[in-house]
Every structure is written in structure tokens, then in C-alpha cells.
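> Predicted model follows, preceded by the sequence.
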Amino acid sequence: MTLTAASPSGETGFLGVVMLDTRFPRPPGDVGHPDAFGVPVRRHVVRGAWPGTIVQTAAGLRAAGVAPAFARAVRVLEAEGARAVTTSCGFLVLLQAELQAAARVPVVTSSLLQLPGLLASQARVGVLTISAAALGSEHLLAAGVPAGRLADVVVQGVDPAGEFATAILGNRDTLDMDRACREVVDAAVALKRREPSLQAVVLECTNLPPYRQAVEAATGLKTWALTDDERLLSWSHR
């Protein structure tokens, strides 16, 4: 993959990432890791947008009133030269329409936006999420899942009381990766057990990709992460 792309003015482009206000570790594969996308990246942190504020039901996120701050971040990154913009939390798919309206460059808020394409060729698709309790039909509809196909999206959450969820949602500065990996794999195995016909699983949480190889090895499922969305990377091929 080409790591840079020339803009019409001859400037080098980059991918903009709107980040939550976090302090937990960012291992390789995590969207916050410097090498996550394999292209030049510039990050913009939305101060005060903590994980517990964003990982919410649709009603909870609307009540938080965070949309204007994220729209400003998108505009800042575009003005600085971003060729595409994404975010560090899959739950921001609820703001997809608003954030895309704030920019002229492609905005891809969540890995969940890959669901319609996967559903076009598969009977059912899995979703592995940090919070099954919070992820609802409004998130899937915002991602473009047809109302008639909502039942074909099988959602599985990690243990809400486990290391992974409490470290990320609690915004801790430590993370036991071995424990987190076991919990993520356990959740993926439970998902496959619930729906043995599944071929693919979308990793909603941008902190899940560090464990995708372990998930695939344990389940045989093909994992899809935000970093796989070609809409974010197509500018780098030009």
C-alpha cells in the first residue's frame, strides 16, 4: 500500500482520526496505535468525550449532546488536509449522517458501516461489541442495515464485568492483555455457538482488533475491523 498521496496542490494527504479522551493502552491493531492503518494519520482528541459517555444507547448518546464537538473535530481535520476521517469508537455510527454532513471528504465513523455490504452476500453476520446492552437497532440502522435485515445481525458482547470492558469503559491506564484476549475469544466462541452458520464477524469496538487473530483461530470466522474499510484508505492508492 502506498503510504502517501498527493493532493491537487501537491501536498501529502493523511487520514484523520477523531479520538475519544482516553488513557488506556493502545497495543498494535488498536485504532490508537501509530501503525494501525498503514498510512499517515493525524489524530484529534475530543476532550471530555470519555468512553462511558459515548458507549451508550441511542437515547443516552443524544442526551450527552456530543455531536457538535465531534463535528468540529471533523472540520478541523479536513481543514488541516485530511483525505478521509474516521473515529475511535464504533458507537459513533449514530452520528454518521451528521459528521458526514460536516465534511466534504469521506467520513466513516464505524466498522459497523461494513454490515450492509456483508449482508448483501451472507445470510447472517455477527457483531462483536464491547457492550451488547448498549448496542441496539438504532446503531445498526444508522450503519445502513435494512430494517428487514436487523434480525440477521447477531450481536455478542464481551463480559461486561471482565478485564477488557472495565479497562476500556473505565478508562484505566492499565490493561491485562492476556486476560482481555481470553475474554474476547470467549465472546467470539459464544457467538459462533449461538449461530454456527456465521462466516464473518464485525469488530464494533476499535480496541478489539489486537485480538482478531486469536478470534479467527478459535472460531474460523473472518473478522472485519475499521481498518479494513476501503473508503478510508482509497486516497492512498492514487
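Received, thanks. As the structure is a prediction and not an experimental result, all values here were calculated from the model.
> got the contact list for residue 119?
Shown in contact with residue 119 (Cβ atoms under 8 Å, 6 or more residues apart in numbering): 125, 145, 146, 149, 152, 153. C-beta here means a position set from N, CA and C on the backbone, and glycine is covered the same way.
> Which pLDDT value goes with it?
What the model reports as pLDDT for residue 119 is 98.
> excluding its backbone neighbours, what's nearest residue 44?
residue 73 (4.7 Å; Cβ to Cβ, 6 or more residues apart in numbering).
> domain ranges for the protein?
Per the record, the chain has its domains at 14-109+227-237, 112-226, by automatic domain parsing.
> and the end-to-end length of the last one?
Translated: domain 112-226. This stretch, domain 112-226, spans 8 Å end to end (Cα to Cα, to the nearest Å).
> Ok, stretch 120-135 next?
OK, stretch 120-135 end separation, Cα to Cα: 22 Å.
> roughly how far apart are residue 59 and residue 185?
Going from residue 59 to residue 185 by Cβ to Cβ, to the nearest Å gives 32 Å.
> who's more crowded, these two?
residue 185 (18 against 10; other Cβ atoms under 10 Å).
> residue nearest the centroid of the protein?
Nearest residue to the geometric centre of the chain (Cα atoms, centre = their mean): residue 90, 3.7 Å.
> Residue 207 is in contact with that one, correct?
No - Residue 90 is beyond contact range of residue 207, at 9.7 Å (criterion: Cβ atoms under 8 Å).
> what's the distance between residue 191 and residue 123?
15 Å.
> The two: which has the busier surroundings?
Remark: of residue 191 and residue 123, residue 191 carries more neighbours, 21 against 11, as counted by other Cβ under 10 Å.
> which element is the nearest residue to that one once chain neighbours are set aside on?
In this structure, residue 191 finds its nearest non-sequential neighbour in residue 156, 3.7 Å apart by Cβ to Cβ, 6+ apart. Taking DSSP states H and E as the criterion, the element that holds residue 156 is strand 153-157.
> what's the answer for residue 16, then?
Here residue 16 is assigned to strand 14-19, by DSSP H and E.
> Output the contacting helices and strands for that strand.
Applying 3 or more Cβ pairs under 8 Å, 6 or more residues apart in numbering; DSSP states H and E, one finds that strand 14-19 contacts strand 41-45, helix 67-80, strand 82-87.
> most packed of the ones you listed?
strand 82-87 (a mean of 27; mean count of other Cβ atoms under 10 Å).
> tell me the angle it makes with strand 14-19.
Relative orientation of strand 82-87 versus strand 14-19 (axes from the mean of the first three to the mean of the last three Cα atoms, to 10 degrees): 20 degrees.
> what does the following helix or strand past strand 82-87 rub up against?
Reading on from strand 82-87 to the C-terminus, the next helix or strand found by DSSP H and E is helix 96-101. Residues from elsewhere that reach helix 96-101 (Cβ under 8 Å, 6+ apart): 67, 70-71, 74, 85, 87, 92, 106-107, 109-110, 113, 142-143.
> buried ones in helix 96-101?
By 16 or more other Cβ atoms under 10 Å, the buried positions in helix 96-101 come out as 96, 98, 99, 100.
> now, which of the residues you listed sits nearest residue 174?
Ranked by distance to residue 174 (Cβ to Cβ), those are led by residue 99 at 31.3 Å.
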